[in-house]
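**Q** Build the 3D model from these lines:
(2 chains)
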There are 2 protein chains.
Amino acid sequence: MERNFRLTLAYDGTRYRGWQRQGNTPDTIQSKLENLLGRLLGQNVEIHGSGRTDAGVHAAGQVASFRADTDMDCSALLKAIREYLPEDIGALSLEEAPARFHARLSAKEKTYVYRVWNSDVPCVFERRYVYIYPAPLDTDAMRRAAEDLPGRHDFSAFSSGKKKGRSAERALRSVRIERVGEELRITYTGDGFLYNMARILTGTLLEIGSGERPADDIGRIFQSRSRAEAGFTAPAKGLCLMSVRY
Amino acid sequence: MERNFRLTLAYDGTRYRGWQRQGNTPDTIQSKLENLLGRLLGQNVEIHGSGRTDAGVHAAGQVASFRADTDMDCSALLKAIREYLPEDIGALSLEEAPARFHARLSAKEKTYVYRVWNSDVPCVFERRYVYIYPAPLDTDAMRRAAEDLPGRHDFSAFSSGKKKGRSAERALRSVRIERVGEELRITYTGDGFLYNMARILTGTLLEIGSGERPADDIGRIFQSRSRAEAGFTAPAKGLCLMSVRY
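**A** Okay, here's the model as predicted:
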């Protein structure tokens, strides 16, 4: 009998070319999982993530779904998955899901955190998970700019994707900027994120924080709908998909 | 003019054969630092750590001292050190120290933390810094046993070193056991630690927590002065030298 499963994952994206399977390359999260589930269940398994994460981006709470014809109970299957996954991919939980549940199509909201190590004191233990940016940052200016981001907007300017007629409208619910020791943490929550969107938003906020662009630049960038008007794409390693709400 | 320096360091011990220089092997923390300081200052530099850390053990606040004949000011030298150290060794601070300061001989007290990941939920991001031990642990029994550890004792049974007439007496000031989420953290503070001592104390406490040995076993082990009576040597990766007090 075909059943539907919901799998919650954490991964250190450092070694991977992102979530999405790319031909026969084994070094994506999706292909690692599909290959493993295929072997464990003796059938081809197609797994859907809540969304793609770019090469080098991490996840603390990525959600994926897959269908499989198996009698195995969830705890036994979870145990087997944990045994065979490499140590930089962790299966946090596995449960049976309603037949209509789909990790991407059913997702209502996602939260990403971008971690900036804003100090010239070295960051040894967390070095794989932060973007090292030692120059001083005007966090007040960044917070003022961040207030102009939430809401339903056309985020074309903040995406490196090619649209081809697809809507670039997304609703960003909140952007929170907090300082935690030497670290600046930017938390984005929204109904969906375009390709590179969280990283370009971060690059733009960093350019505002460093004084390279004014704090009131966000409205102009939205209006332009032009990628060239927004800031740089902050490196993948600082970004982590924290959770997905359904 | 010869000056005396105090350098505070953090390192991820994973890639290294421990603190101490071993012949010409470049992969110890001491040799990395001595080679770098020698190049930067154009003279042979001998660096003394507060103590050796074993292969694979980490440090968040190791202290080292060295003498050098240089006019360079501390901030310029610190900047140069930071620029050339690999990303898994971080120079936290550098200051000039009184002539008689010696990182090992002047040390009064050290604090080590041993981190046990006590869950079958995978630990992805901190995996290099914790010992994965998923079996249930009776932390009450561990805490009762830990109460018998502080004080001045002969710690021979808790060391793998060969004594050769050297005193194995040390004063352990405190042992604290706390649960932080899925993690059990054991904090040891004392005036000095014998070879492998924090790791064998941890192994012994874990055997008490798992029920393999009684909670009142500590007194007997002290009296035996025999390594064979204590528990296993917990893996290096869970241990971190947190701070040194002078």
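
**Q** how about stretch A:196-216 as PDB, C-alpha atoms only?
**A** Extracted in PDB, the C-alpha atoms of stretch A:196-216 (Å, rounded to 0.1, in the frame of the first residue of the first chain):
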ATOM      1  CA  ASN A 196      18.900  33.800  -3.900                       C
ATOM      2  CA  MET A 197      16.300  36.100  -2.300                       C
ATOM      3  CA  ALA A 198      17.400  35.800   1.300                       C
ATOM      4  CA  ARG A 199      21.000  36.200   0.300                       C
ATOM      5  CA  ILE A 200      20.400  39.300  -1.800                       C
ATOM      6  CA  LEU A 201      18.200  40.800   0.900                       C
ATOM      7  CA  THR A 202      21.100  40.200   3.300                       C
ATOM      8  CA  GLY A 203      23.700  41.700   0.900                       C
ATOM      9  CA  THR A 204      21.500  44.800   0.500                       C
ATOM     10  CA  LEU A 205      21.100  45.200   4.200                       C
ATOM     11  CA  LEU A 206      24.800  44.800   4.700                       C
ATOM     12  CA  GLU A 207      25.500  47.500   2.100                       C
ATOM     13  CA  ILE A 208      23.100  49.800   4.100                       C
ATOM     14  CA  GLY A 209      24.800  48.800   7.400                       C
ATOM     15  CA  SER A 210      28.300  49.700   6.000                       C
ATOM     16  CA  GLY A 211      27.100  53.000   4.600                       C
ATOM     17  CA  GLU A 212      27.500  52.100   1.000                       C
ATOM     18  CA  ARG A 213      23.800  52.800   0.300                       C
ATOM     19  CA  PRO A 214      21.100  54.800   2.200                       C
ATOM     20  CA  ALA A 215      18.700  53.300   4.600                       C
ATOM     21  CA  ASP A 216      15.800  54.500   2.600                       C
END
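
**Q** The helix or strand where A:Lys79 lies near chain B anywhere?
**A** Using DSSP states H and E, A:Lys79 sits in helix A:74-84. Yes. Using C-beta under 8 Å from any C-beta of the partner chain, helix A:74-84 reaches chain B at A:Arg82. (C-beta placed from N, C-alpha, C; glycine too.)

**Q** And the contacts of that helix?
**A** Contact with helix A:74-84 is made by A:5, A:7, A:36-37, A:39-41, A:70, A:72, A:90-91, A:93-96, B:120, B:122, as judged by C-beta atoms under 8 Å, 6 or more residues apart in numbering or on different chains.

**Q** What subset of the residues you listed is buried?
**A** Buried members of the contacts of helix A:74-84, counted by 16 or more other C-beta atoms under 10 Å in any protein chain shown: A:5, A:7, A:36-37, A:40-41, A:70, A:90-91, A:94, B:122.

**Q** Dihedrals phi and psi, the nearest residue to A:Arg127 once chain neighbours are set aside?
**A** In space, A:Arg127 comes closest to B:Glu87 once its chain neighbours are excluded; the distance is 5.3 Å by C-beta to C-beta, 6 or more residues apart in numbering or on different chains. Backbone torsions of B:Glu87, given as degrees, to the nearest 10, read phi -70, psi -10.

**Q** Surely B:Glu87 touches A:Trp117?
**A** No. Using C-beta atoms under 8 Å, B:Glu87 is not in contact with A:Trp117, being 11.4 Å away.

**Q** what ranges do the strands span in chain A?
**A** Assigned by DSSP state E, chain A shows strands spanning A:2-11, A:47-49, A:58-69, A:89-96, A:109-117, A:131-132, A:151-154, A:169-180, A:183-190, A:239-245.
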